[in-house]
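Chemist: sharing a model prediction with you, sequence too.
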Amino acid sequence: MILDTKFPIDPRVSNEASALIKKGHKVYLFCLSYKKKFIKEETINYINVRRYYCSSITYKLSALAYSFPFYRLLMKNKISHFLKKNRIETIHIHDIQIASAVFSANKYNLPVSLDLHENRPEIMKFYKHVNSLIGKIFIDPKKWKIAEEKYCNISDNVVVVTNSAKKELLKRVSIDPQKIIVFPNTVNKDFYTEYSIDKSILNKFSDNFVLLYLGNTSERRGLDLVMKSLPIIKDYIPNIKLVVVGSSSFDKSLLELSRKLKVERYISFEGWKDESYFPSYLSIANIGISPLKSNIHHDTTYANKIFQYMSFGVPLLASDVVSQEEIITKFKVGELFVSENLESFINALKNLYENKDSLEYYSKNGRIAIEKYLNNDIVSKELSFMYDK
């Protein structure tokens, strides 16, 4: 496995590696360290982790991966060393940005699977650095889309997050549909069966009706809409508390908005937390929110948080982007509201708060859906079969 960031950080990488290890495969993970002092080799949950140093300048050059060859050339030698030293037999690339370097390093023509974590060319359009003056000059999402289509064509297999992502890819790339497999971002069983609870978190919010948000807080995630609802909702649910566990460069704007709306006391910005703290926050949540704004990327991917909510029986309140609507409608685990529509969100939240029977119904359905259909052991069957072949 080739990952162009540090590890552990991405549950998708761990989930896929875990599934393959359970099937008897030996997994080596190429990843990066941004610090000069680091552990080069270690084993984490049976994954053979191999770290390579990456300077801050090199890291920044990854944004120019398909504008200039610098990043590809810098990574090529590291990946070549990794492949040869560990006698790798097949390659699994995690996301598109490092794909060109991997194909350049793959001089033994090893089989390659390209794992598209998200629709990167589409989501890049919302990145702050891409929309900066320098970004607009040097970073072109169209070039990333061309590269994505190129490497999908020459890979032996392509892994995507949802069936919607598969359909979208097939519309623009002429490849065999059987070459594309779906691996959703769900949860491992041990996430909801083997965990510890931080009692200080439980005590902190024991008197609140908690709206929980887990994950990246970028503008496209829709938290500003939730905050705009609080001046009205606080009069309807006096003990309401929006608990935000995550961070992004948009946090400053969110803090300013909370002050402008005078709702600071109804929000707790917890910042970025290690995943080991998630069960504690999930245990205090009355409703889990995923207010994603509508775009091609959000329509074709699953937010990790929706499965994390479900695994702990937390009812969902989510925007009606295609992927979320599919899950919530199929498994009946929560309520939908019209994306970016304040009135729709407020009405949906009020309906959930008023109807305790619905909350219990959605909670029960969430746990059942994860246990029977959506945990990592189940959704990984297609991935395991791909490598068995």
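Modeler: Yes, it's here.
Chemist: next, count neighbours for the closest residue to Gly334 other than its chain neighbours.
Modeler: Excluding the flanking residues, the one nearest Gly334 by CB to CB, 6 or more residues apart in numbering is Leu316, at 2.9 Å. To be clear about C-beta, it is placed using only N, CA and C from the backbone, and glycine gets the same treatment. Counted with other CB atoms under 10 Å, residues neighbouring Leu316 total 24.
Chemist: the one 3 residues further on too?
Modeler: When neighbours are counted by other CB under 10 Å, Ser319 registers 25.
Chemist: helix or strand for Leu257, which one?
Modeler: Using DSSP states H and E, Leu257 maps to helix 251-261.
Chemist: need the contact partners of stretch 133-152.
Modeler: Residues outside stretch 133-152 that contact it (CB atoms under 8 Å, 6 or more residues apart in numbering) are 63-68, 96, 99-100, 103, 114, 116, 120-122, 124-125, 127, 129-130, 158, 169, 172-173, 175.
Chemist: what segments of this structure are strands?
Modeler: Taking DSSP state E, the strands of the chain run over residues 2-3, 28-33, 41-44, 47-53, 91-94, 112-115, 157-160, 180-182, 209-214, 240-245, 267-269, 287-290, 316-319, 334-337.
Chemist: a markdown table for these, including distance to Asp357 and mean pLDDT?
Modeler: What follows is those, written out as a markdown table (distance: least, CB to CB, whole Å; pLDDT from 0 to 100):
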| stretch | distance to Asp357 | mean pLDDT |
| --- | --- | --- |
| strand 2-3 | 44 | 96 |
| strand 28-33 | 46 | 96 |
| strand 41-44 | 43 | 95 |
| strand 47-53 | 43 | 96 |
| strand 91-94 | 42 | 97 |
| strand 112-115 | 41 | 97 |
| strand 157-160 | 37 | 96 |
| strand 180-182 | 34 | 94 |
| strand 209-214 | 16 | 98 |
| strand 240-245 | 20 | 98 |
| strand 267-269 | 28 | 98 |
| strand 287-290 | 15 | 98 |
| strand 316-319 | 16 | 97 |
| strand 334-337 | 13 | 97 |
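Chemist: to Asn77, which of the ones you listed lies closest?
Modeler: strand 47-53 (9.5 Å; CB to CB).
Chemist: what packs against the closest one?
Modeler: Helices and strands touching strand 47-53, as assessed by 3 or more CB pairs under 8 Å, 6 or more residues apart in numbering; DSSP states H and E, comprise helix 11-22, strand 28-33, strand 41-44, helix 70-85.
Chemist: show me what counts as buried in that strand.
Modeler: Ile47, Asn48, Val49, Arg50, Arg51, Tyr52 (16 or more other CB atoms under 10 Å).
Chemist: you'd agree the fourth one is up against Phe38?
Modeler: No - with contact taken as CB atoms under 8 Å, Arg50 and Phe38 are classed as non-touching, separated by 11.2 Å.
Chemist: so what's the residue nearest to Pro11 when sequence neighbours are not counted up against?
Modeler: In space, and not counting its chain neighbours, Pro11 is closest to Asn304: 6.1 Å by CB to CB, 6+ apart. The contact partners of Asn304, by CB under 8 Å, 6+ apart, come to Pro11, Arg12, Asn185, Val187, Leu214, Gly215.
Chemist: now Asn304: how far from Gly366?
Modeler: According to CB to CB, to the nearest Å, Asn304 stands 14 Å off from Gly366.
Chemist: Asp224 now?
Modeler: Distance from Asp224 to Gly366, by CB to CB: 26 Å.
Chemist: who has more neighbours out of those two?
Modeler: Gly366 (27 against 19).
Chemist: pLDDT wise, what is that one at?
Modeler: Turning to Gly366, the model gives it a pLDDT of 97.
Chemist: show me what contacts His92?
Modeler: His92 makes contact with Met1, Ile2, Glu16, Val112, Ser113, Asp115, Val159, according to CB under 8 Å, 6+ apart.
Chemist: just the helices in the stretch 251-389 of the chain please.
Modeler: For the stretch 251-389 of the chain, the helices defined by DSSP state H, counting those that start in this stretch occupy 251-261, 278-283, 296-299, 304-311, 322-331, 342-354, 356-369, 376-379, 381-388.
Chemist: that's all I had, so thanks and see you.
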